[in-house]
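Peer 1: model this:
(chains A and B)
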Amino acid sequence: MLKMNPQLSMPAERLLDLDDVKVHLPTREGVVKAVNGVSYHVDRGEVLGIVGESGSGKSITARAIMRLLPRNAREEGGHIQFRPRTGELHDLSALGRDSRAVRQIRGQHIGMIFQEPMTALSPVHSIGDQIIRTIQLHMRLDRHAARRRAADLLSKVGMPRPEQMLDNYPHQLSGGMRQRAMIALAISCDPSLLIADEPTTALDVTTEAQILELLKHLQAELGMAIVFITHNFGVVADIADRVAVMYLGRIVETASVDDIFYAPKHPYTRALLNSIPRLGVDQGRRLPTIPGMVPDPYSVPTGCSFHPRCGYSVAGTCDVRAPEQHIFPNGQAARCHFAEQLAEADAHV
Amino acid sequence: MVGFILHRAFWAIPTLIFVSLISFFIIQLPPGDYVTAYVAQLRNGGEYVTLAQEEALRQSMGLNDPIIVQYWRWISDIVFRGDFGQSLEWNAPVGTLIWDRLGLTLAISTLSMLFTWAIAIPVGVYSATRQYSVFDYLFTVFGFLGKGIPDFLLALVLMWIGFAYMQIDVGGLFSPEYQTAPWSFDKVINLLSHLWIPIVVLATGGAAGLIRVMRANMLDELGKPYVETAYAQGLSERQVVWNYPVRVALNPFISTVGWALPALFSGDVITAVVLNLPTTGPLLLKALQMQDMYLAGSFILILSVFTVIGTLVSDVLLAWSDPRIRYA
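Peer 2: The predicted structure is shown next:
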């Protein structure tokens, strides 16, 4: 029945496709266009990093995929298509928040891990109970087999003494161990896609490195794709194959991880990269910052929303017209009027 | 867990000894004693009582002995013989007076508590999950009304409605013809026709407050990340709400079970007086007014015992329901 929809078609290697997704949040002060026409796609088995400042709409976009938007959110258009390992094509954007269809996708085909390992697990259920519940919800296993699988998962995510860990409660574990338990929960039914919403932000750097290592390892072993949301370019460089940079509810640049770091085409990406401290470079000089502040979401600038803070902006163009997406032969795409010129300038340096 | 319970039970013993001492001394504190009150009542009735007669009364009741001796006489009888002493006012054993009323008191109070919870929990959960919906506002209005109207006033209004429009006799728990009759099917029916007013009255006030508590707790819990995790596992909204945030939001309820037990016993005194219920509440009020020290002292002692046991019960329940307390 779903296949009748002419809009639904994706290349075979495609796992997830977002097309012009818009999510608006009505508030007392006005409507926030939290996600304002976001398009990206994820192929099977690849890691897409999504980078952006707080409030850029990266988490809301992920919630739109999971159909877990805030109750007052309004979807103003766009399509989200998803084709898990099992092969059938789902039009996620047509599914309701509590519909049976989306509940079967959540947890089974799409797993999700969250930022706060301290509070993202139920405090009154043991780790084992929470994982077994998910397994039994989606797989036909009896309690005993589900418990065995849960123990396997815990050892897969590198937790010591998995059998005993099943009966432990979240408050008995450290932050890193909780995030491991969270990952075990998310991958408990072999999902095709894992959405990781800032999974290492609340952890210290040593633990962060371990968790990233674990995710890379699991990704290779299980062959799942990951959408990795973060505000940290260093983390993206470590784990992602491709990167999408978000600013004020739009994707401003998409490219492979190498192109993003070595040949960024959008001024915002450049500015972000320039503001990362590097060891041994430019010592004794002030770190460049992006001038101004992220505009408040009720008064997004006209034209290109980045133009008031952009070093390359041209009056009469950037503050009037919203830029189209420029696509380069290597697949890199940037939403800037002068993306080509910036690329040229790069070539001369 | 067993160790936890034994540990708590052991510490209850010194608490109870201390509480019994305090309660006995407190009822001695007001100037005068039972004989003063009794004689004053007789004199008001126009009888002539000499000082010597008054003193003889005191002597025969043992009221002239040192307080500590009186305390020991009282407490040793309770502990070793289960004898709570003689009520001076009623001229009957305290034990009989209290136990006679205790069954009905506990029945009414337990029913009204269950009724309260049966209303408050689902309504609170609904109000929180559908915040600012029409029904949420409706429940909020009713909640504040229920909280704002004094129980005894509601009791009076219901009695008037029952009497004027429904032609049923109200007040008390039985119609006069069943008052002393042995238990029978008809007597139970008669009891039920009287019971609804006190239960509705007692439950309304309690439920109104608990709905607010439950709603606020649920709103706190619903915003927490673990709820989103539960949704992301693929559970339906009903499964998520009742298995996760409700479990956590019930903790304050469980920890107040302890206070519910003594409250069950002392009951809502004013409501009970208004409705003329044969429960323990009015008896306690009368005992305090008359300085009927053995009756009042036993009451306070039993209340304290219930408080200690209730606290123990809620500690155990809380430890059972929340692992963070069990392992703390």
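Peer 1: how about whichever residue of the stretch 151-300 of chain B sits closest to chain A, phi and psi?
Peer 2: Nearest residue of the stretch 151-300 of chain B to chain A: residue B:234, at 3.3 Å (CB to the nearest CB). For glycine as for every other residue, the C-beta is placed from the backbone atoms N, C-alpha and C. Dihedral angles of residue B:234 (phi, psi; degrees, to the nearest 10) stand at phi 100, psi 10.
Peer 1: Skip the chain neighbours and tell me the closest residue to it.
Peer 2: residue A:107 (3.3 Å; CB to CB, 6 or more residues apart in numbering or on different chains).
Peer 1: Likewise for residue A:251?
Peer 2: The spatially closest residue to residue A:251, leaving aside those adjacent along the chain, is residue A:244, at 5.0 Å (CB to CB, 6+ apart).
Peer 1: counting contacts, what elements does the one helix or strand the one you found maps to pack onto?
Peer 2: Assigned by DSSP states H and E, residue A:244 belongs to strand A:242-247. If contacts are counted by 3 or more CB pairs under 8 Å, 6 or more residues apart in numbering or on different chains; DSSP states H and E, strand A:242-247 sits against strand A:47-52, strand A:250-256, helix A:257-262, helix A:267-274.
Peer 1: quick one: residue A:288 and residue A:273 touch, right?
Peer 2: No - Residue A:288 is beyond contact range of residue A:273, at 9.9 Å (criterion: CB atoms under 8 Å).
Peer 1: Overlap in contacts, these two.
Peer 2: Here residue A:288 and residue A:273 have no joint contacts, going by CB atoms under 8 Å, 6 or more residues apart in numbering or on different chains.
Peer 1: Contact partners for residue 254?
Peer 2: I'll assume chain A. Taking CB under 8 Å, 6+ apart, we find residue A:254 in contact with A:40, A:242, A:243, A:244, A:245, A:332, A:333, A:334.
Peer 1: ah, no, chain B please
Peer 2: B:314, B:317, B:318, B:321.
Peer 1: Would you list the phi and psi of residue A:196?
Peer 2: Here residue A:196 shows phi and psi, under degrees, to the nearest 10, equal to phi -110, psi 110.
Peer 1: pLDDT value on it, please?
Peer 2: pLDDT recorded at residue A:196 is 95.
Peer 1: Please verify my assumption that it contacts residue A:227.
Peer 2: Yes - between residue A:196 and residue A:227 a contact is recorded at 6.9 Å, counting by CB under 8 Å.
Peer 1: Spell out which residues of chain A are next to chain B.
Peer 2: By CB under 8 Å from any CB of the partner chain, the residues of chain A that approach chain B are A:66, A:68, A:97-98, A:103-108, A:111-112, A:114-116, A:119-126, A:130, A:133-134, A:137-138, A:169, A:171-172, A:182, A:185-186.
Peer 1: Please name the nearest non-neighbouring residue to the closest residue to chain B within the stretch 151-300 of chain A.
Peer 2: Closest contact between the stretch 151-300 of chain A and chain B, by CB to the nearest CB, is at residue A:169 (4.3 Å). Distances taken as CB to CB, 6+ apart place residue B:323 nearest to residue A:169, at 4.3 Å, with adjacent residues excluded.
Peer 1: And residue B:229, by the same measure?
Peer 2: Counting by CB to CB, 6+ apart, residue B:229 lies nearest to residue A:120, which is 5.0 Å off, once chain neighbours are set aside.
Peer 1: Now do the contacts for that neighbour.
Peer 2: Shown in contact with residue A:120 (CB under 8 Å, 6+ apart): A:113, A:114, A:178, A:182, B:225, B:226, B:228, B:229.
Peer 1: ok, 7 Å please
Peer 2: By CB atoms under 7 Å, 6 or more residues apart in numbering or on different chains, residue A:120 lies in contact with A:114, A:182, B:225, B:226, B:229.
Peer 1: On the three-state scheme, it is what?
Peer 2: coil (DSSP: H, G, I helix; E, B strand; the rest coil).
Peer 1: Which pLDDT does the model give it?
Peer 2: On pLDDT, residue A:120 comes in at 93.
Peer 1: re earlier: the residue nearest to residue A:169 contacts residue A:124, doesn't it?
Peer 2: Yes - under the criterion of CB atoms under 7 Å, residue B:323 makes contact with residue A:124 at 6.3 Å.
Peer 1: quick one, helices of chain A?
Peer 2: Listed in chain order, the helices of chain A (DSSP state H) span A:58-66, A:100-105, A:127-138, A:143-156, A:162-165, A:175-186, A:205-222, A:233-239, A:257-262, A:267-274, A:339-348.
Peer 1: returning to what we had before: list the pairing partners of the strand holding residue A:244 within its sheet, with orientation.
Peer 2: The strands that strand A:242-247 pairs with in its sheet are strand A:47-52 (parallel), strand A:250-256 (antiparallel) (by DSSP bridges).
Peer 1: May I have the beta-bridge partners of the residue most central in space within chain A?
Peer 2: Closest to where the C-alpha atoms of chain A average out (CA atoms, centre = their mean) is residue A:229, at 3.4 Å. On the basis of DSSP bridges, residue A:229 is bridged to residue A:50, residue A:197.
Peer 1: which ones are touching it?
Peer 2: A:50, A:58, A:59, A:62, A:196, A:197, A:198.
Peer 1: switch the cut-off to 10 Å
Peer 2: Shown in contact with residue A:229 (CB atoms under 10 Å, 6 or more residues apart in numbering or on different chains): A:48-52, A:56, A:58-59, A:61-62, A:115, A:195-199, A:201, A:236, A:244, A:246.
Peer 1: I'd like the contacts of residue A:254 as JSON lines, with pLDDT, distance to residue B:149 and neighbour count appended.
Peer 2: Output for the contacts of residue A:254, formatted as JSON lines (pLDDT from 0 to 100; distance: CB to CB, whole Å; neighbours: other CB atoms under 10 Å in any protein chain shown):
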{"residue": "A:40", "pLDDT": "94", "distance to residue B:149": "58", "neighbour count": "19"}
{"residue": "A:242", "pLDDT": "95", "distance to residue B:149": "65", "neighbour count": "23"}
{"residue": "A:243", "pLDDT": "96", "distance to residue B:149": "63", "neighbour count": "26"}
{"residue": "A:244", "pLDDT": "96", "distance to residue B:149": "59", "neighbour count": "28"}
{"residue": "A:245", "pLDDT": "95", "distance to residue B:149": "60", "neighbour count": "27"}
{"residue": "A:332", "pLDDT": "92", "distance to residue B:149": "70", "neighbour count": "21"}
{"residue": "A:333", "pLDDT": "93", "distance to residue B:149": "66", "neighbour count": "20"}
{"residue": "A:334", "pLDDT": "93", "distance to residue B:149": "67", "neighbour count": "27"}
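Peer 1: Okay then, goodbye and thanks.
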